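Enquirer: Pasting the sequence and the predicted coordinates here, then a few questions.
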Amino acid sequence: MTNQELKLKQAGFKITTPRQLILEVLKKYKTPLSAKQIYQYLPQIDLVSIYRNLKLLTNLKIIFQEIINNETFYYLDKKIHHHIVCQRCGRTECLPCNHKYKIKNFTNISHQLILSGLCNHCH
């Protein structure tokens, strides 16, 4: 049983085939993917189910989401991190995130950092 499956079970949720397949796609491609991109890899699962499962997996912090160019992308990793996206070809690379916030009167704080530039192939 994977760590992701264990987290699902501990939270009281079943390890369904759609959830397993979504996690497998995110693990295989190792890059942030939108729900529509995931659907292209998993056409046997309806798009509504993909969105519903992505929301659950994100809420349980099994996967993470990031908004890039007004579109939500999802990725699988042990912890949240940032991405830099090439402005020309769209190549994406991961960057560590070491931000820890303790702000009075706030809990469950999240943040987003989007970096862009030109990769070595396009520069």
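Expert: Ah, there it is.
Enquirer: Residue 36: how many residues sit nearby?
Expert: By other CB atoms under 10 Å, the residues close to residue 36 number 11. Quick note: C-beta positions are derived from backbone N, CA and C, even for glycine.
Enquirer: same thing with residue 25?
Expert: 19.
Enquirer: ok, now which ones touch it?
Expert: By CB atoms under 8 Å, 6 or more residues apart in numbering, the contact set of residue 25 is 33, 38, 41-42.
Enquirer: And what about it, helix, strand or coil?
Expert: Following DSSP: H, G, I helix; E, B strand; the rest coil, the label given to residue 25 is helix.
Enquirer: Residue 93 versus that one, what's the distance?
Expert: 19 Å (CB to CB, to the nearest Å).
Enquirer: Looking at the contacts of residue 25, which are in helices?
Expert: 38, 41 (DSSP state H).
Enquirer: And the contacts of residue 25, which is closest to residue 11?
Expert: residue 38 (21.0 Å; CB to CB).
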